[in-house]
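> Quick one: sequence plus predicted model below, questions after.
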Amino acid sequence: MSRVLIVGAGVTGSLCACLLRREMQSKVQIVVWDKSRGTGGRMSTSRNPDGTSSLADLGAQYISATQYYAQAHHSIYAELLAHGILKPLEATVEGLRDVDGTKNYVTPAGMSSIAKHFLKESGAQLHFDHHVTSLFRRGASWEVHRKGGEPEKFDAVVLTMPVPQILQLQGDLSDLLAADQRGQLEAVSYSSRYALALFFPPAATVPVPWAAWYVPGNPCIRYVAVDDRKRGQESPDCGSSLVVHTSVPFGLQHQELDKEEVQPIILEELHKLVPGLPQPTSTKCQKWRYSQVLTAVPGCPGHMTLLAEPLLVCGGDGFTHSNLDGCVESALRVLGALKEASVQWEAPR
């Protein structure tokens, strides 16, 4: 049985693990490492720390499927809808552009439920707080090192973290990169963004008529959402939450600051935009150094094979675009590379 390591428990990594299990059944042992303490990557969901059931999506907010991708990825959407992971977005979103044929969906259990579903289907060994630092080629295997732990060997490695983090890895990776590959990876760029969640106690009311609002012309805040209302789950018996996303220029201007320094700035601007907010029981601020892809790898190939044997392949939205369909496209391309490599795994050694 061959060991495959997938680095990153976001949508690309989790779907890749799921598809690999369905294609190769018991021929592979799938291991997923993530440096964070939870699933979802930039489709993350936070729960109110006071123990109430309110959730807040601090990354992606909803799913938009164009006519093309709704057809191309029909099986994925059908599966997520059948399991109740997705449901149609019916709440009012002020400023949302209406694109012909595009369907919008929300996640009743939060955006991270998409990655959780695929990871569960994959049966992968999932490990959090596993921060990969370096990779070394050892014959027909990769020796993967992480912070605070012993290195492990794998027959294939899939890297799905943001491209700048791939380029920071130590070991043999730097020597293996061809000049054109390095140039393509170094050209990938991302926006930076801060997200802030305010959790309110049960029976507290957020005094706005909308579920979400794209704020025009504000230098700090681009988007605000009453998160439970956005998902169609508003209830006076449960605590509510409000999510704020900053603008791209604000993120660029403040990207070197700690989130503790930025949170008061966001709160001050929020109270100007939405006066009369109830007192939150808790808040959580998230800094996304790599938020959405501004410039992807040319041609959006979905993946890049850095070495064919032993296989080392990269995937993620840096090779496509930053939404669910971009992650699906990348996972499918990575799966193709893994299936090709499986021929070598099954050959006598």
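That came through, no problem.
> same for the longest helix anywhere in the chain, what does it pack against?
Assignment by DSSP state H gives helix 324-346 as the longest helix of the chain. Helices and strands touching helix 324-346, by 3 or more CB pairs under 8 Å, 6 or more residues apart in numbering; DSSP states H and E, are strand 2-7, helix 11-24, strand 63-65, helix 67-72, strand 156-159, strand 303-307, strand 311-315. Every residue, glycine included, has its C-beta placed from N, CA and C.
> Buried by neighbour count: which residues of it qualify?
For helix 324-346, the neighbour count (16 or more other CB atoms under 10 Å) marks 324-338, 341-342, 344-345 as buried.
> quick one, domains of the chain?
With domains defined by automatic domain parsing, the chain comprises 2-37+128-188+295-346, 46-109+192-291.
> most packed of these?
Mean neighbours per residue, mean count of other CB atoms under 10 Å, is largest over the domains of the chain for domain 2-37+128-188+295-346, with a mean of 20.
> How far does it sit from its chain's centre?
15 Å (CA atoms, centre = their mean, to the nearest Å).
> follow-up on the earlier one: including distance to residue 116 and mean pLDDT, could the domains of the chain go into JSON lines?
As requested, the domains of the chain are exported to JSON lines (distance: least, CB to CB, whole Å; pLDDT from 0 to 100):
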{"stretch": "domain 2-37+128-188+295-346", "distance to residue 116": "8", "mean pLDDT": "95"}
{"stretch": "domain 46-109+192-291", "distance to residue 116": "8", "mean pLDDT": "93"}
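> circling back to that earlier point, could you dump the helices and strands packed on helix 324-346 to TSV with distance to residue 232?
TSV is the format used below for the helices and strands packed on helix 324-346 (distance: least, CB to CB, whole Å):
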stretch	distance to residue 232
strand 2-7	33
helix 11-24	22
strand 63-65	14
helix 67-72	21
strand 156-159	35
strand 303-307	36
strand 311-315	32
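> List just the one of these that sits closest to residue 266.
Residue 266 lies closest, by CB to CB, to one member of these: strand 63-65, at 25.0 Å.
> Pairing partners for that closest one, with directions?
Here strand 63-65 has these sheet partners by DSSP bridges: strand 103-106 (antiparallel).
> Which residues are in contact with the residue lying closest to residue 231 once chain neighbours are set aside?
Leaving aside its chain neighbours, residue 231 sits nearest to residue 106 (4.8 Å; criterion: CB to CB, 6 or more residues apart in numbering). Each residue near residue 106 by CB atoms under 8 Å, 6 or more residues apart in numbering is listed here: 62-63, 86-89, 91, 230-232.
> same thing but 10 Å
57, 61-63, 86-91, 211-212, 227, 230-233 (CB atoms under 10 Å, 6 or more residues apart in numbering).
> helix, strand or coil for residue 213?
Following DSSP: H, G, I helix; E, B strand; the rest coil, we place residue 213 in the strand state.
> Could you do residue 277 as well?
Using three-state DSSP, the structure places residue 277 in coil.
> I'd say it and residue 208 touch.
Yes: using CB atoms under 10 Å, residue 277 is in contact with residue 208, at 9.1 Å.
> Show me whatever sits in contact with both of the two.
Taking CB under 10 Å, 6+ apart as the contact rule, residue 277 and residue 208 both touch residue 242.
> hey, where'd the strands end up in the stretch 1-150 of the chain?
Under the criterion DSSP state E, counting those that start in this stretch, the stretch 1-150 of the chain carries strands at the ranges 2-7, 28-33, 45-47, 55-57, 63-65, 87-88, 93-94, 103-106, 125-127, 132-138, 141-146.
> Out of those strands, which is closest to residue 306?
Counting by CB to CB, residue 306 lies closest to strand 132-138 out of the strands of the stretch 1-150 of the chain; the figure is 9.6 Å.
> how big is the angle separating the closest one from strand 2-7?
Strand 132-138 runs at 150 degrees relative to strand 2-7, counting by axes from the mean of the first three to the mean of the last three CA atoms, to 10 degrees.
> Show me what strand 132-138 packs onto, helices and strands only.
Secondary-structure packing of strand 132-138 (3 or more CB pairs under 10 Å, 6 or more residues apart in numbering; DSSP states H and E): strand 2-7, strand 141-146, strand 152-154, strand 156-159, strand 170-171, helix 173-176, strand 303-307.
> Parallel or antiparallel, list what pairs with that strand.
According to DSSP bridges, strand 132-138 has these partners: strand 141-146 (antiparallel), strand 170-171 (parallel).
> CA-only coordinates of the longest one, as CSV, when you get a sec.
Output in CSV follows, covering the C-alpha atoms of strand 141-146 (Å, rounded to 0.1, in the frame of the first residue of the first chain):
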residue,chain,number,x,y,z
SER,A,141,10.1,8.3,-1.3
TRP,A,142,9.8,11.8,0.2
GLU,A,143,11.0,12.4,3.8
VAL,A,144,8.7,15.2,5.1
HIS,A,145,9.7,17.3,8.1
ARG,A,146,7.4,19.3,10.3
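> For that strand, give me every contacting residue.
Against strand 141-146 from outside (CB under 10 Å, 6+ apart): 2-3, 5, 7, 31, 33, 35, 127, 129-137, 151-157, 169-173, 307, 310-312.
> how near is the closest residue to residue 187 other than its chain neighbours to residue 190?
Setting aside the residues directly before and after it, residue 187 is nearest to residue 295 in space (CB to CB, 6+ apart), at 6.2 Å. Residue 295 is 8 Å from residue 190, where distance means CB to CB, to the nearest Å.
> Report the set of residues contacting both of those two.
Shared contacts of residue 295 and residue 190 (CB under 10 Å, 6+ apart): residue 318.
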